[in-house]
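Asker: Next come a sequence and a model predicted from it.
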Amino acid sequence: MPPAGEETFVAGALSARDAEDMLYCGFQAGALEGAVRDLVQTGALARDFAAFRVDRRAVVVACAMRTPPSGGDICCPGPLSPGPALAFGATPLEFLRCAAGKGTSPASARAGGRSWTDVRRGLVACEGPAGGMTQVMAGVAFAFQRRGQSRAALVFEDRRAVETGRWHEGMSFATALRVPLIVVLASVPGAQASAFDPAAAAANYGLEAVSLAGEPLSRVHERVAAARRRAVEGGGPSLLDLGPRHVDDEWNETQLAEWPGGGQVARRRAEKAAVAAVQSAVARLAAEPAPQSADALASALSDAPMLPHWTRDDPPNPGARRPALAGHERFGESRRPEPPNPGDGTHAIVGEPGSGHIRPSLPDPPDAD
Amino acid sequence: MPPAGEETFVAGALSARDAEDMLYCGFQAGALEGAVRDLVQTGALARDFAAFRVDRRAVVVACAMRTPPSGGDICCPGPLSPGPALAFGATPLEFLRCAAGKGTSPASARAGGRSWTDVRRGLVACEGPAGGMTQVMAGVAFAFQRRGQSRAALVFEDRRAVETGRWHEGMSFATALRVPLIVVLASVPGAQASAFDPAAAAANYGLEAVSLAGEPLSRVHERVAAARRRAVEGGGPSLLDLGPRHVDDEWNETQLAEWPGGGQVARRRAEKAAVAAVQSAVARLAAEPAPQSADALASALSDAPMLPHWTRDDPPNPGARRPALAGHERFGESRRPEPPNPGDGTHAIVGEPGSGHIRPSLPDPPDAD
Amino acid sequence: MPTDAPPEPAQQPGGAGEAQPAARTAPPEQVARTRMGQPATFLEAVSEALWEEMERDERVFLLGEDIGAYGGAFKLTKGFLERFGPLRVVDTPIAEGGFTGAAAGAAHMGLRPVVEMQFMDFISPAYDVLTNYVATSLYRGAGPLPLVVRGPVGGGARAGPFHSQNVEMAFFHTPGLKIVYPSTPRDAKGLLKSAIRDDNPVIFEEHKGLYRAPRFRELLPAEDYAIPLGKARVALEGDDLTIVTYGLMVHRCLEAADALARDGIRAEVIDLRTLLPMDEDAVVASVRKTSKLLIVHEDTRTGGIAGEIAIRMNERAFEWLDGPILRVAAIDSPVPFAAPLEDYFLPSVGDVTAAGRYLHKY
Amino acid sequence: MPTDAPPEPAQQPGGAGEAQPAARTAPPEQVARTRMGQPATFLEAVSEALWEEMERDERVFLLGEDIGAYGGAFKLTKGFLERFGPLRVVDTPIAEGGFTGAAAGAAHMGLRPVVEMQFMDFISPAYDVLTNYVATSLYRGAGPLPLVVRGPVGGGARAGPFHSQNVEMAFFHTPGLKIVYPSTPRDAKGLLKSAIRDDNPVIFEEHKGLYRAPRFRELLPAEDYAIPLGKARVALEGDDLTIVTYGLMVHRCLEAADALARDGIRAEVIDLRTLLPMDEDAVVASVRKTSKLLIVHEDTRTGGIAGEIAIRMNERAFEWLDGPILRVAAIDSPVPFAAPLEDYFLPSVGDVTAAGRYLHKY
Ligand SMILES: Cc1ncc(C[n+]2csc(CCOP(=O)(O)OP(=O)(O)O)c2C)c(N)n1
Ligand SMILES: Cc1ncc(C[n+]2csc(CCOP(=O)(O)OP(=O)(O)O)c2C)c(N)n1
Ligand SMILES: [Mg+2]
Ligand SMILES: [Mg+2]
């Protein structure tokens, strides 16, 4: 239950379009779940993805961060869960490319899984051992604080991340500096309960952990918006606990009907568009070429080729890999600028936030009533 | 204030000898503080030791762990603070050897500072980055649990250790496995207050942090004994917070008078003996030879010499250090058994706990009344 | 905090004295190959070694994530919890530093912990405690710390940069540690037994590509056997060229040696087995015979183990060298995820063969 | 949780826009040497570089333990807090992993963090985030992560095994990182400026033995100068023997070269300056001239950087070698505490001279 004295949800604060955005992202998440299941069955995706699920409530959390007057927030979606990324503008095709290791741009083919860092669109990918992204996002939030911007950072962690020292060090930094960071603990279904109570973990940092378990979507949205306001006003970090997942409860008739703009017409329109977007992504994925192995040679440093040396007056070096191919021309080739693809999102640009809505303008579906 | 319903301190549970042990260790700590100050002034010890202080209340905590029916507990003294080590049987000479890098046994000359691990006597040295010893001592406590022994582990940490991920990972292990571990947060005088409240940090692990700030010595002793009982009975870890230090408050007339066996005679006897022990240690230290550099060559592995190779039919290798000295005889020499010195404590023996009192039998001082 | 509250039963140690196994259940399938007279995979060999050492020595116990109730991410410890109980098969929080530190504490008290990293990539959070605390213990006079950290390593499984690493070079520079990296089921079992019996901390790497592959199955000795640490193995004799390697690459190098043999080049393949301490004498002996040295490792190139071997051979076999010491290694990059990139990144049989031919002609 | 509670003033950012310095206070003594026309110590050179880069580029900021109010354990950042304010001189909790991770996040947003490790030994808790997250960022398509991790390293200060380490080999094997280890005040200032301006993550090692020693004082250029990363320096020309080294050892090697010169042996001393990427061409050129190579590093022997140099010279200069590539390094042991042990452990001028003589005669 929400504590007494909290401000209540003002549905009117959401424009119809914002509300529909959320519906669109939620339905997209569901469609993506289905598409991944199918692709695993056909062998197009590795079996690791069989357990793939998207937390719809995490989508709602991420959408709430994008509700005006917000803008320029940065979000780190949880491991393997693209829901919040969709809300921040990642496309289903990007997700599928990462999962399949396809695409010609570096991230999708090189790092797999969830490599969509693109701070232009407000995305930082979750990479590396559990718990670590709380540290990184605390630093993102620090950058906002340092520049005096009204922006906040949002990070999703598995509930068991609270067992890691990394998570605690991230929280300790965020609290000591009072940066605008919102930490959300989420679980995939079947997640083992942690030995630790998130509420107690929050108290350790002088925070109150807001439990969102069993709350309706509108309430989730409202609590996140409140935490965000608090963060950008200098109130410091928040910890929100989505609790264990109950998939059927989180995106059902009752939940949706209550959602502003959740009426039948809008819902069907959003759902149709979402399903169509995922279908087209699946089709495009199949048609995309496998990546070129030359990409593997692009340097891990920004200013140096990674090729083993091979010059004419040296004794030739067979220890260098594939010497016949190792000429510098070849490396030059792999550095050719790629065809611009602004929606691709796999090339990060460090700079100022983008803005605006993330959903393509949707025509009414023909059978709208 | 102690919560209601706690059992009260039964002075009679302490034998006169146990009570006097505590006095002896406390006075020894004080004498050592003075001796170190003097040795820094004469240049016999590095300037780093100028700030050296011993928390007398930490001595009391450690003594409480040794009160019957306990036995075989293992203690890790805090960084640089030898108080608890003295209570577990380390001698002032050992401390001074470590500080001065003297002695012929490996630990004192090699690692410096606080290298007195000797599980026979119940000592594990605090080494490495802050917070890490809570992990190690959680594992010591796990070994007791695994063997079904009625023993407990005690670790002292700086209060700021709660900022480290290491400390949290140690706590998380200890709590998840419910091992008999007692964690004491102690500060040297002037320590910066941590951003984190130890009580909240404890709640994170389902514990109640017992604050011992401002408590009389007898109460400190009692709370530790209670935490120990709880631990060995399977109740899991405890967190005790000694609070910021107020040196003058912790070992004064009022505190001592209240102590069982803290009467004038016993006090003077203990103090005299303690001062004498420290004085004799200072004298022995001055007379001890500097360590042999051959010791530096003893291997970091238990079963391999560390010498660079040098054999007759190889081309000689000037890259090997000091080849003239590098014969295997020389290494053999450095492995010669040392003259037995059971009180030296610098050779760890892994095995079962020692037992019994740590204070030499004290003759009454001639001027006792 | 009342001290008389009864402890929670679920968390209680098994009994008053040493923990007793819950029941003498039948050994699980993956530890029964040898006793059934069947050849064992690499994974089964590791599993057998753990089981047998735990039966032999009650001080040995396991810690790791999901190794108990779940049986381990690779099911390597399936059935261990049932046989040995929760005090010897310890499910830990997700805190590799924390439970490695705890293992060190248990080792101080005379136990012999075997820590599993679910993927060895996750040893990095334990880097601090391993290099600063564990590796220095004997040196500091704090006694030997017998503990093993083991787990799956290596590329080729399309697992991307965080589940494909080789970790030897993170620890190779740390005095006080041993590093073992076996290439066959027989070696895996015998070396793991030695690692568990060793008084020093040991990092034990198991290549995922060897775990289940049927073609690496081997009939293992029925009796208890251990293979000493620090001794290399001549996997193939030859006198034209020495190839020094370890782990999965041993098999790639043997394939390359086959190809070279078809050209009349007789390569000697040395499987290091233990990387630290290294069996330098074995390499010296071979190089003095063949006068050519090629080093092959799956790990990335710069700062790889080939460098240390090269300088040691300069120190001890320079006069015998008739060509440069060369290496084949992975490209200096994180491990790529996509299959074609990963295949290109990893050293191939063709790479080794080409380098061998070149060096032979030199 | 009411959202209208006023934030605590002590924790508030300086203002609504970019943080403004509290006041244009006079530069502290340790950054004023050059502008006063006086020679600077190594520590002062580092301090000047930080100060000038912070004045030049508002994106640059510092994080670390006790660097603000206390001015740093070595007083290197004394007066910085007063000048640049708490949002650019950030006192952190004792959590090296946590604040290095946070620095990475700030770098994602276009800031340029300079992380201080109070002693570089304490970089080990940040090993995980540096190798897995920071070093892989560009490769993963997550953009470059310009951040510098700097701090004091090295032995000789009687500081024992946990405050005396050299850390280069912990990171030398990680693609995506650069490692810089200067030997003079001039290089320290110029290289640190380049490191801060570099788009890649850089580990920057400062030897404590150089920090305050008056004999290493140098008059620095009055103008803004930067020394490019990845370029070695010929510290002494010679054509009998190449000695490759870096950091404090450069000075030991120059002393040894003096001694060798008295025997008529002209050693060339190459100061690598940047260890990763390494200026291989400079070493190749020298070895092709002298045909003898000795590598000297303060860090311990096995797995030290000498190996990588040795195999690269095998790859590129084998034909020119008239003797084995040899090395002088510390003994394979943690850094001893006691003075006589530490002196014995560290490479000495005598060691280098003896090795140089031997190699010259070879
Ligand atoms: C530091 C670290 N160690 C180990 C892993 C490997 N790992 C991936 S998921 C996982 C279990 C996570 O458990 P939980 O959060 O309960 O989620 P579940 O998979 O049970 O749903 C582990 C151990 C990791 N990602 N990071
Ligand atoms: C992990 C780690 N990082 C850094 C240090 C270096 N260090 C030693 S004492 C200290 C400050 C400790 O502060 P506090 O606990 O408040 O004690 P104080 O010295 O202020 O009394 C630091 C940073 C360390 N020991 N361990
Ligand atoms: Mg789980
Ligand atoms: Mg302090």
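Answerer: Arrived safely, thanks for sending. Numbers count the residues shown, from 1 in each chain, chains lettered A, B, ... in the order given. Ligands and ions are numbered 1, 2, ... in the order given.
Asker: drop to CA atoms for contacts and neighbour counts, all remaining ones
Answerer: Will do.
Asker: Could you break chain C into its assigned domains?
Answerer: C:29-216, C:233-361 (automatic domain parsing).
Asker: Does the first one reach ligand 2?
Answerer: Looking back up the chat, that one is domain C:29-216. No - applying C-alpha under 6 Å from any ligand atom, one finds domain C:29-216 separated from ligand 2 by no less than 9.5 Å.
Asker: now that domain, how far from the centre of its chain.
Answerer: 8 Å (C-alpha atoms, centre = their mean, to the nearest Å).
Asker: so which of the domains of chain C gets nearest ligand 1?
Answerer: When those are compared by C-alpha to the nearest ligand atom, domain C:29-216 sits nearest ligand 1, at 5.4 Å.
Asker: Could you check how far the residue in the stretch 101-250 of chain A that ligand 4 sits nearest to is from residue B:244?
Answerer: Using C-alpha to the ion, residue A:176 is the residue of the stretch 101-250 of chain A that sits closest to ligand 4, at 14.5 Å. Going from residue A:176 to residue B:244 by C-alpha to C-alpha, to the nearest Å gives 20 Å.
Asker: For residue 133, which non-adjacent residue is closest in space?
Answerer: Going with chain A. Take residue A:133 and drop its neighbours on the chain: the residue closest to it by C-alpha to C-alpha, 6 or more residues apart in numbering or on different chains is residue A:126, 6.3 Å away.
Asker: think we crossed wires, I meant chain C
Answerer: Per C-alpha to C-alpha, 6+ apart, closest to residue C:133 is residue B:128, 6.2 Å.
Asker: Count the residues that sit near residue A:37.
Answerer: 18 (other C-alpha atoms under 10 Å in any protein chain shown).
Asker: Next up, the contacts around it.
Answerer: By C-alpha atoms under 8 Å, 6 or more residues apart in numbering or on different chains, the residues touching residue A:37 are A:49, A:50, A:52.
Asker: gap between the second one and ligand 4?
Answerer: Taking C-alpha to the ion, to the nearest Å as the measure, residue A:50 and ligand 4 are separated by 50 Å.
Asker: That residue contacts residue A:38, correct?
Answerer: No - using C-alpha atoms under 8 Å as the test, residue A:50 is too far from residue A:38 to be in contact (9.2 Å).
Asker: where does residue A:78 land on pLDDT?
Answerer: Residue A:78 carries a pLDDT value of 84.
Asker: again with residue A:257
Answerer: The model's pLDDT for residue A:257 equals 80.
Asker: same deal with residue A:119?
Answerer: 87.
Asker: hang on, it packs against residue A:74?
Answerer: Yes - the pair residue A:119 / residue A:74 is scored as a contact, 7.0 Å apart, by C-alpha under 8 Å.
Asker: Count the neighbours of the residue in the stretch 1-150 of chain C that ligand 2 sits nearest to for me.
Answerer: Nearest to ligand 2 in the stretch 1-150 of chain C, going by C-alpha to the nearest ligand atom, is residue C:128, at a distance of 9.5 Å. Neighbours of residue C:128 under the rule other C-alpha under 10 Å: 25.
Asker: cool, and the one 4 residues further on?
Answerer: Counted with other C-alpha under 10 Å, the burial measure for residue C:132 works out to 20 neighbours.
Asker: so how far is residue C:171 from it?
Answerer: 11 Å.
Asker: Then residue C:288?
Answerer: From residue C:288 to residue C:171 the distance is 29 Å (C-alpha to C-alpha).
Asker: now do residue C:237
Answerer: 30 Å.
Asker: who's more crowded, these two?
Answerer: residue C:171 (21 against 14).
Asker: If we ignore the residues flanking it in sequence, what's nearest the residue of chain C found nearest chain B?
Answerer: Ranked by C-alpha to the nearest C-alpha, the top residue of chain C for proximity to chain B is residue C:102, at 3.6 Å. Distance criterion C-alpha to C-alpha, 6+ apart; nearest residue to residue C:102, sequence neighbours excluded, is residue B:139 at 3.6 Å.
Asker: residues contacting the one you found?
Answerer: Contacts of residue B:139 (C-alpha under 8 Å, 6+ apart): B:174, C:99, C:101, C:102, C:103, C:104, C:105, C:106.
Asker: Can you tell me the SS state at it?
Answerer: For residue B:139, the assignment made with DSSP: H, G, I helix; E, B strand; the rest coil gives helix.
Asker: same check, this time on residue A:273
Answerer: Going by three-state DSSP: residue A:273 is helix.
Asker: Enumerate the residues of chain A near ligand 4.
Answerer: Listed as neighbours of ligand 4 in chain A under the rule C-alpha under 5 Å from the ion: no residues.
Asker: Identify the single longest helix in chain A, thanks.
Answerer: helix A:16-42 (DSSP state H).
Asker: Quick check: which helices or strands does the helix or strand that it is followed by pack against?
Answerer: Note on helix A:16-42: by DSSP states H and E, the next helix or strand toward the C-terminus is helix A:56-65. Judged by 3 or more C-alpha pairs under 8 Å, 6 or more residues apart in numbering or on different chains; DSSP states H and E, helix A:56-65 is in contact with helix A:16-42, helix A:83-87, helix A:217-230.
Asker: Ok, which of these comes nearest residue C:38?
Answerer: Nearest to residue C:38, of all these, is helix A:16-42, at 33.6 Å by C-alpha to C-alpha.
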